[in-house]
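> sequence and predicted structure are below.
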Amino acid sequence: MSRDADPAPTGAGVTADVLVLTEVPAAAEPDDVPALPARRRRHWWALVAGYVATVFILLTFNFAIPRLMPGDPIDALMAFGSPTYVQDDETRAALAEYYKLDKPLVTQYFGYLSGLARGDLGVSIFNNTPIRGDLGGKIGWSFLLIVTATGISVLIGIPLGVHSGWKRGKRTDRGLLAFFLAYQNLPIFVIGAAAFVLLTFKLGLFPYGGGSTPFNDYTGLDKVLDVARHLALPATMMGLDAATYQYLVMRSSMVGELGSDYLLVGRAKGLRERRLKYRYAGRNALLPVVSVIGLQFSLAITSAIFIERIFSYPGLGNYMFQSVAVRDYPAIQGAFLVLTLTVVTVNLVVDLLYRRLDPRTAA
Amino acid sequence: MNHPIGRRTFLKGMAGAAGAVMLGGACNPGRPPNPEGGPTVRVKSWGDLGYPSPFTYVAGPGYWRMSLLFDTLTWPDSTGQQLPWLASAYRRSEDGLVWSVDLREARWADGRPVTADDVAFTYDYYTSHVFTPLLTGVPRPGVDVRATGERSVEFRLPQPEATFLQQTLGTMPIVPRHIFADITDPMTVFDERTFIGCGAYRLESKNVNADTEAYVAKSDYYLGRPFVRRIEMVGVPEDDELAALRAGVLDGASAPEEGVRNEALAPFRDDPEYGMVSNPSGFGFPLFFNLTKGGALADVRFRRACLHALDRDEMVHRLLTGNGAVGSAGWLPPTNRFYTAEGVRQYPFDRPLAERMLDDAGYRRTGTGGPRVDRDGRPLRFTLNLPDLVPIALAELVVANLGAVGVQIDVRLERVDLVRVYGSKLAANYDMVVQSYPGPAGIGPDGDPDQLRGVYHSDPPSQTHKATGYSNPEVDRLIDAQLRTYDEEERKRLVGRIQQIVSEDLPVAMLYYTTFYYAFRKKVFDQWYYTPGGFASGLSDVYNKHPYITGRKEGLPT
Amino acid sequence: MKRLVSAVRRSPLLATGVGMVALVVAFGVFAPWIAPYEPKEISGEVFESPSWSHLLGTNDSGADVFSRLVWGTRTTLVVAVSASALVLAIGIAFGLTAGLRGGLVDMAVMRLVDVMLGLPVLPLLIFVGAMIGSSLPTSILMIGLFLWPQTARIVRSQTLSLRTRGFVGIARGLGGGPFYVIRRHLVPALGPVIAANLVFVAGVAVAIEAGLSFLGLTDPAAVSWGAEMERAMSNSNIRFGSLWLWWLMPFGLALTFAIFGLSLIGVALEPRFNPREGRAR
């Protein structure tokens, strides 16, 4: 690998985000410092205004798209489940009225917005259950999955990145770099499906499906272990996926610190290698990675959609997919809304936090 | 899927009737109750199918869960006969217009007695409220229901209805007046009150997130304490039900309804620990031609030639390793009581014959072995729509078979897209479509023959599975006539005649039926069966509650 | 082109990437000659194990898996080329406009870019795909409509930096019309940067399309890698024997191979052509 073919983190960022493009750092913003996953530094009110615009677009999208599709949820209902002959026009009209699909669009839109304001996501047409309740239970599982996966990715990505950066150009570095560069090109559903079939099915190493053993009467530690057993494989697959990005950013950030004067001084003072590596260089190089972890939230959501589907994990992604399969209007809308709003909100928070953390903008 | 409102749940939801055939499994109707207090049976949960009240359940499996809490007046056993259930007896008047029902002494879950008033109230309640059409067996207005005593009710019908016993008495869950009289919109009420039924079980827990539900037998149930003491439903991934049985997660599991290969069944066939029951015509896969498109599609000679060109034995062999049967051109499968072989024209695979028929009908090949064109020189090229539930492999075989006789087919799959599937069907905006049947709103191929109304009648109650553009006054007349007679022989004759006519007209070609299989752990519970004609309004699932409650396959405990 | 050739010579990374992508392209272009069967041809029994007549066995209808793999390459190529062309067109249009016009137009475009970049793309694509209906053209169109902001941003910043370097101004001062400026100065200067970006976009588009297919959101009648994976995963027989090894995995590996090849090129191109690099080193 020639020296100048060393991947710039910006490039790596784009590939790592193979499936999520929201946070791809601007590659060639002239005023950016290269080693950082550059976010454009903006006033906080600009960030908030952008956020409000995004939310509005998402809300409108969420309202408009289902109504643009051919057919309507009543079609799906009429087509489903009833072995007797009740699918007459009268029932259809009555149901349309019931679900307020017969009102003018504007009325529907305001009804939709005011409902949202009250936290009302409607009732699932398919399940006849309030969507807010359904989603409430799913969010917890998704959150658990994402947090665990993030933890795993930090444990893998950061130490290896520090090490790799420190040993820049050495064999370990090259090996690790090659591995992660290759791994990040493996779409998560490919490696996830392979792991599912091989480890869960063929070898039976992990319980398949679900977040916990049904009807268990575990308490205390057993309960935790049971959940952990179900969580292990999906979270690891997600964690590995996220770790590649963290590793690459950490490594290049570390490389950026290598020539720094303080290291020279530290060496001169005879500080231990370990101390220099982690306490000094590693710590200083950490900032961009911290921001990356926050920004990876939307990557995590994407991964979760695939992983939850493959491993039948009872989270939001799976819920959204299942709702799509049966065209449950309000449920799809609810899931989509919660998913996307969470992503943009987390992004806003990370942006605001980052402004505070970044010495260049904190002033 | 852990929240498996997946494709197969649709199949389940649409599932219709069944004919029961026993395979393996100890057949021991007189098994004494377990002295330990009866088994706990663990079966698959289909995900969140709504709350198990009669107004909020979803799909076939949802009906089944609800039926554990709410009883109907009659209920079938493995013979397919309707046993008096909440009713102690039921009678039909000479003219067939009055059904009188006597009730058993039963109590609601809150301790109040079940009265004739409740039954009359239930009927009126159903007919005066709007529900999602997911409800099976919704009674229709026009029937006069009145209590004639504390525990006797009369249903006065405007005209005889052959399906009244099964579709209403055997399907309509009776609800308590004292609860529902105050509820104006039962679809939006989600509290314990709506679970107060007089059924054999009570809902112990429902965990939407873990995808589990547990039902516990009531010790004071009016037919005696149920044999299966506890039913647990556990979510398992959609495609892994059989694997979950092997892994010990479930005590019984269905093979995929769209068909199963021997490889998947072998472990259960070989292992004495497991029993298996099957239903040889659980699902049908009919090919609909859109007659309103005109041209070749409206030409019966073309349609007949197509069916001769399809090697359906090969399909059953290839896709199902023989676990299915070639379809009858009269729609109903040989296992249906109303099936007629006589005079029903069948179309065995015969490629040279199909070629000849097409040649004779004027659909010439362009060049040697080239695609065919019609008399106006337009190519015989059609789109085949394929809903999510139909295997792609099936479409590929159809394409290959028809291609071999010079008919070109473009497949358009409509995956995860039922709305469009039925939308295009409703709008008659397709050339050909293979549906899976029990289709929407249709009972299974093996169910009550009144299902032919939905397919072949020119004015069906729903367009969703109508043979688009087909109209034959004679068929209309016969379909209407068969509903009005209680005389089984007469009905068989009429239904037989319908099958003969539609097999000639062939607006729809039933490609094949798949066999349902249910494998179970024998030592836990071995009384599973498929109900001939289905339970409730024709659900073809194995989950008839009768055997869990009685611990036997036939009759009631004495 | 010359530059590319010499670059390939100098960088093994680039050479590897180009080689991998060339192999994928070759498979796609020469599919009819490479694949022993038609992709939908029923050429054997169902679920045959790999043999000399069926290198990767057969699938659930008895079609040759290897042939489907080879033909599936074409879908991948179509997605890669058309999605990136779309992204390129939209991205350049917005980026150039913003960069050259500046002022309010620039601000409006950049705010739009910011908002677009803030949208979670995959949930959106799933949502839209599920609602509007899913087919290959829809997927490509949606991918194009959601991926352009990144390109627009790059184009804009390059345009700005060219502008500040002055020769655009001089050219305009000397009487060159805007199109002249674009053709004569901007396009050649932008080329390398855009190339790197486009390679990334192509990889992303391929991965997204496959991902959507994997979730069942495409036209499975099309022979494509993602769709075949979905077909295998949703077939319960994938659990039996070693079927998964030759029905499921080859498609996943082919997909990885193609994306890897593209990203190697992208990684190799980026530092070389990135004008910033000169400063940094």
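On my side now, so go ahead.
> following the helix or strand containing residue A:285, which helix or strand comes up?
Using DSSP states H and E, residue A:285 sits within helix A:283-295. On the C-terminal side of helix A:283-295, the closest following helix or strand by DSSP H and E is helix A:297-311.
> average pLDDT across the next helix-or-strand element following that following helix?
Next along the chain after helix A:297-311, taking DSSP H and E as the criterion, comes helix A:316-326. Mean pLDDT, helix A:316-326: 78.
> so where is chain A shaky, pLDDT-wise?
Low-confidence segments of chain A, defined by pLDDT under 70: A:1-42, A:66, A:68-102, A:125-128, A:208, A:325-327, A:329, A:357-363.
> okay, which residue is most central for chain C?
Centroid-nearest residue in chain C: residue C:202, 1.6 Å away (criterion: C-alpha atoms, centre = their mean).
> surely it touches residue C:83?
Yes. Using C-beta atoms under 8 Å, residue C:202 is in contact with residue C:83, at 7.1 Å. For glycine as for every other residue, the C-beta is placed from the backbone atoms N, C-alpha and C.
> which residues are in contact with both of those two?
Residues touching both residue C:202 and residue C:83 (C-beta atoms under 8 Å, 6 or more residues apart in numbering or on different chains): there are none.
> give me every residue in chain B lying close to chain C.
The interface of chain B toward chain C, taken as C-beta under 8 Å from any C-beta of the partner chain, is made up of B:7, B:239-240, B:242-243, B:256, B:260-261, B:263-264, B:318-319, B:386, B:388, B:391-397, B:399-400, B:411-413, B:415-417, B:420.
> anything in the helix holding residue A:285 near chain C?
No. Residues of helix A:283-295 are not located near chain C by C-beta under 8 Å from any C-beta, the shortest gap being 11.0 Å.
> what helices or strands is that helix leaning on?
The criterion is 3 or more C-beta pairs under 8 Å, 6 or more residues apart in numbering or on different chains; DSSP states H and E, and the helices and strands that helix A:283-295 contacts are helix A:131-166, helix A:220-258, helix A:329-357.
> which regions of chain C lie under the pLDDT threshold?
Counting by pLDDT under 70, chain C contains low-confidence residues at C:1-5, C:7-8, C:133, C:165-178, C:181-186, C:220, C:270-281.
> any idea how far chain B is from residue A:348?
Distance of residue A:348 to chain B, computed by C-beta to the nearest C-beta, to the nearest Å: 28 Å.
> what's the neighbour count on that residue?
Residue A:348 is flanked by 19 other residues according to other C-beta atoms under 10 Å in any protein chain shown.
> skipping adjacent residues, who's closest to residue B:85 in space?
Leaving aside its chain neighbours, residue B:85 sits nearest to residue B:75 (4.0 Å; criterion: C-beta to C-beta, 6 or more residues apart in numbering or on different chains).
> residue B:385 too?
Excluding its sequence neighbours, the residue lying closest to residue B:385 (C-beta to C-beta, 6+ apart) is residue B:433, at 4.1 Å.
> and the one you found, how many residues sit next to it?
So residue B:433, with other C-beta under 10 Å, has 25 neighbours.
> grab the longest strand from chain B for me.
As assigned by DSSP state E, the longest strand anywhere in chain B is strand B:274-289.
> can you tell me what sits against the helix or strand that that strand is followed by?
Per DSSP H and E, the first helix or strand lying C-terminal to strand B:274-289 is helix B:300-309. Residues outside helix B:300-309 that contact it (C-beta under 8 Å, 6+ apart): B:287, B:289, B:296-297, B:329, B:347-351, B:353-354, B:357-358, B:360-361, B:363, B:380, B:401-402, B:404-405, B:407, B:504-507, B:509.
> now helix B:300-309: average pLDDT?
94.
> let's see that helix as CSV, backbone CA atoms only.
Extracted as CSV, the C-alpha positions of helix B:300-309 are listed here (Å, rounded to 0.1, in the frame of the first residue of the first chain):
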residue,chain,number,x,y,z
VAL,B,300,-62.5,-20.3,-24.3
ARG,B,301,-60.5,-22.3,-26.8
PHE,B,302,-57.4,-20.3,-25.8
ARG,B,303,-58.0,-20.8,-22.1
ARG,B,304,-58.5,-24.5,-22.5
ALA,B,305,-55.4,-24.9,-24.6
CYS,B,306,-53.4,-23.0,-21.9
LEU,B,307,-54.5,-25.4,-19.2
HIS,B,308,-53.6,-28.4,-21.4
ALA,B,309,-50.2,-26.8,-21.9
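> which parts of it are buried?
Across helix B:300-309, burial judged by 16 or more other C-beta atoms under 10 Å in any protein chain shown covers B:302, B:303, B:304, B:305, B:306, B:307, B:308, B:309.
> perfect, I'm done here.
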